[in-house]
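Participant: Provided below for reference: sequence and predicted model.
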Amino acid sequence: MKPRPLLVLLACLPALAAAQSLRCASKIINEGTSQVKVAALCGQPTNIEHQSAVGGFVNGVPVAGDVQVEIWTYNFGPNKLLQRIRFENGIVVKIDSLGYGF
């Protein structure tokens, strides 16, 4: 029996949703990109939040001790979505698209 194309597509959706990325200066920013590279390609963010956490994972590797967390928010204007990037120890671990900018 052949799988139905719609079922195959639906099975792939969770993987597509999990892999967020952002385009800046014709380059793709995704998980694993350094904070320095994001700043060079996207410029300074509109807002920066500083946090710290104990333990966690960086690039899938367990980290003992303090993890330095920064959350950068970019506002690219009213016709584009706000972008929130979470860095742990200077590496992108999550990218979220928020509502439209202003």
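Facilitator: The structure has been received and is ready for your questions.
Participant: hey, let's count contacts and neighbours off CA atoms from now on
Facilitator: Noted.
Participant: Please name the residues that touch residue 85.
Facilitator: Residue 85 makes contact with 71-73, 92-96, according to Cα atoms under 8 Å, 6 or more residues apart in numbering.
Participant: Quick check: it vs residue 64, distance?
Facilitator: 22 Å (Cα to Cα, to the nearest Å).
Participant: same deal with residue 36?
Facilitator: Taking Cα to Cα, one finds residue 36 at 23 Å from residue 64.
Participant: Equivalent analysis for residue 20, please.
Facilitator: Distance of residue 20 to residue 64, given as Cα to Cα: 26 Å.
Participant: where's the closest residue to residue 20 other than its chain neighbours, which helix or strand?
Facilitator: In space, and not counting its chain neighbours, residue 20 is closest to residue 95: 5.7 Å by Cα to Cα, 6 or more residues apart in numbering. For residue 95, the element it lies in under DSSP states H and E is strand 91-100.
Participant: Report the buried residues of that strand.
Facilitator: 91-95, 97 (16 or more other Cα atoms under 10 Å).
Participant: Low-confidence stretches in this protein?
Facilitator: 1-19, 56-60 (pLDDT under 70).
Participant: Would you map the strands across it?
Facilitator: Taking DSSP state E, the strands of the chain run over residues 21-24, 27-30, 47-58, 61-74, 81-88, 91-100.
Participant: Packing partners of the fourth one?
Facilitator: Contacting strand 61-74 under the criterion 3 or more Cα pairs under 8 Å, 6 or more residues apart in numbering; DSSP states H and E are the following elements: strand 47-58, strand 81-88.
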